[in-house]
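1. please work out how this folds:
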Amino acid sequence: MRKLPERTAAVYAALVDKIVDNSASGHTSLDSRPEDQLRAEIVTGRLLPNERLVEADLTRRLGVGRSAVRTALARLEHEGLVELEPHRGARVRLVALPEAIEILEARAVLEGLAVRRAAVNATQDDIADLRGILAEMRRLLDGGDLLTASDTNAILHKRLLTLGAHATANRLIVALRSQLVRFEYRTILLPGRSQHSLAEHTAIVDAVAGGDGDAAEAAMRTHLSHVADALRRQEQNRA
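-> Prediction:
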């Protein structure tokens, strides 16, 4: 397997550390449910694809009983983050590239629906908020801060989903996104991808600001199709 260039590997390692630290401060409090703690560890890379999840170890580490651990693993299996194998226990599910592409295709439909509704619902204050987030993304990218810019990207998506106010679509999108975090963060390392992403997000916000649901949906679908294309190129470069 080809190794990442030294600078790229360092950026990616720092990115993983950053999202792990963010998760640790926001999702793994003592009051969290076992599935919340495990989900955060899977999404941020503390638990790696195909890693075994041993009930006895999880019971000790999470400070809960075996029944609570089994319930957590069953719920995470339903979300597509864990696989339960007869007579072998549980492991973190590996999402391969073809499935990642399918997930992005599904997200494109759902997030397109969400931004279509956002274009109808957004007030002038909401639009000013969206443009402020875009301006912050641009400032961070101009300064070469890919890590924080990526965080701001996620904030923009979340704000658009909130404006769309489609509870069912939002619930499905959250479940799908949790399976793709490691894939999506890798795409920001591709040369030129961050600036293209900014332009794509600007098109989405412009359409929402104009109250044009058709254009907003089309722009979101285009954006996520380009994320899928970036994943394909990234995998080709690694081959």
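2. can you show me the helices along the protein?
-> All helices of the chain, identified by DSSP state H, fall at 6-27, 34-44, 55-62, 66-78, 97-121, 124-142, 146-164, 167-178, 181-187, 193-209, 213-238.
3. just how off-centre is stretch 103-117 within its chain?
-> 14 Å (CA atoms, centre = their mean, to the nearest Å).
4. worst-scoring helix or strand of this structure, pLDDT-wise?
-> helix 6-27 (a mean of 41; mean pLDDT, DSSP states H and E).
5. how many neighbouring residues does the residue lying closest to residue 215 once chain neighbours are set aside have?
-> In this structure, residue 215 finds its nearest non-sequential neighbour in residue 207, 3.7 Å apart by CB to CB, 6 or more residues apart in numbering. From N, CA and C alone the C-beta is placed, and that goes for glycine too. The local packing of residue 207 (other CB atoms under 10 Å) involves 22 other residues.
6. repeat that for residue 149.
-> Using other CB under 10 Å, residue 149 has 21 other residues around it.
7. what sits against the residue lying closest to it once chain neighbours are set aside?
-> Counting by CB to CB, 6+ apart, residue 149 lies nearest to residue 140, which is 3.9 Å off, once chain neighbours are set aside. Residues in contact with residue 140 (CB atoms under 8 Å, 6 or more residues apart in numbering) are 146, 148-149, 152.
8. out of those residues, which comes closest to residue 164?
-> residue 152 (18.9 Å; CB to CB).
9. next one: that closest one from residue 130, what distance?
-> 12 Å (CB to CB, to the nearest Å).
10. more neighbours: which of these two?
-> Legend: neighbour count by other CB under 10 Å for residue 152 and residue 130, higher for residue 130 (23 against 20).
11. residue contacts, the more buried one?
-> By CB under 8 Å, 6+ apart, residue 130 lies in contact with 122, 156, 159-160, 205, 208-209.
12. recalculate using a threshold of 6 Å.
-> Contact analysis of residue 130 by CB atoms under 6 Å, 6 or more residues apart in numbering lists residue 205.
13. and what of the one 5 residues further on?
-> Contacts for residue 135 were tallied using CB under 6 Å, 6+ apart; there are none.
14. now it: how far from residue 54?
-> Using CB to CB, residue 135 is found at 47 Å from residue 54.
15. domain ranges for this protein?
-> For the chain, automatic domain parsing gives the domain ranges 6-92, 97-238.
16. so which of those domains is the most surrounded?
-> domain 97-238 (a mean of 17; mean count of other CB atoms under 10 Å).
17. follow-up on the earlier one: export the helices of the chain as a markdown table, with columns for distance to residue 89.
-> Shown next, in a markdown table, are the helices of the chain (distance: least, CB to CB, whole Å):
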| stretch | distance to residue 89 |
| --- | --- |
| helix 6-27 | 24 |
| helix 34-44 | 14 |
| helix 55-62 | 7 |
| helix 66-78 | 9 |
| helix 97-121 | 22 |
| helix 124-142 | 42 |
| helix 146-164 | 32 |
| helix 167-178 | 21 |
| helix 181-187 | 22 |
| helix 193-209 | 38 |
| helix 213-238 | 30 |
